[in-house]
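Chemist: Build me a structure from this.
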Amino acid sequence: MKHLEAGNPVRSFPRAEGDAILDVLRELHFLTDKPVIYCANVSDDDVSGADNPHVAALKEYAAEKGCECVTVCAQMEADLAGLSEADAKEFLSSYGLTESALDRTIKLAYHTLGLASYLTAGPKEVRAWTFHRGWKAPKCAGVIHTDFEKGFIRAQVVSYADYVKYGGEKGAREAGVLRPEGREYEMQDGDVVEFLFNN
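Modeler: From the prediction side, this is the model:
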């Protein structure tokens, strides 16, 4: 209680695997146990935030609290939303940037929450599915449908880089980089997967 009475968030409470307090924390769902990302909204003249004392102070505060901070120019993001991909790339480049604040924020949120994505690719669509890092293939299959998890047989997996390099599933299979994975396979960010299952 002293930790909380001192104004500290629950997420900063020291914990070790096997502590009885972990069960209590999971059960009570304290708001201050949730991960936090601070967003500093700046002008387009100050988009890097490097020389802004307010951004520096916020980043220092976030670091003290064990949190992350991202610099955002909301006006620039609004302008980007109306541009084509090529124009957006050129617009960002004129500010010395390679990606939008939205993209940086999404990546940071995934990292902070321990999330990753795998892909399924068919003739009609490619789709990304979000999962928690450390999940095994059957649990990830359940993200698509619970029947996939219950009847899981195996997963046919190829990395995204190899999928692109060899021109899709057929090329990956011919190159020998499409591999079967079983129940104990820990899914990786960017895996391209086909799940085989009994229903």
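Chemist: Next up, phi/psi of the residue nearest in space to the middle of the chain, please.
Modeler: Residue closest to the mean C-alpha point of the chain, counted by C-alpha atoms, centre = their mean, is residue 110 at 2.2 Å. Main-chain torsions, residue 110, degrees, to the nearest 10: phi -60, psi -50.
Chemist: For it, report the pLDDT, please.
Modeler: pLDDT recorded at residue 110 is 97.
Chemist: which residue sits closest to it, ignoring its sequence neighbours?
Modeler: With sequence-adjacent residues excluded and distances taken as C-beta to C-beta, 6 or more residues apart in numbering, residue 110 is closest to residue 116, at 6.8 Å. All C-beta spots, glycine's among them, are computed from the backbone N, C-alpha and C.
Chemist: Wait, the one you found touches residue 160, no?
Modeler: No: Residue 116 is not in contact with residue 160 according to C-beta atoms under 8 Å; the separation is 11.6 Å.
Chemist: what touches both of the two?
Modeler: Any residue near both residue 116 and residue 160 by C-beta atoms under 8 Å, 6 or more residues apart in numbering counts here, and that gives residue 190.
Chemist: Give the residue spans of this protein that score low on pLDDT.
Modeler: 48-49 (pLDDT under 70).
Chemist: can you list the domain ranges for it.
Modeler: 2-112, 116-197 (automatic domain parsing).
Chemist: Out of the ones you listed, which one sits most buried?
Modeler: domain 116-197 (a mean of 16; mean count of other C-beta atoms under 10 Å).
Chemist: what about the nearest residue to residue 128 once chain neighbours are set aside, helix or strand, and which?
Modeler: Of all residues beyond its chain neighbours, the one nearest residue 128 is residue 117 (4.5 Å), with distances taken as C-beta to C-beta, 6+ apart. Residue 117 belongs to strand 115-121 when assigned by DSSP states H and E.
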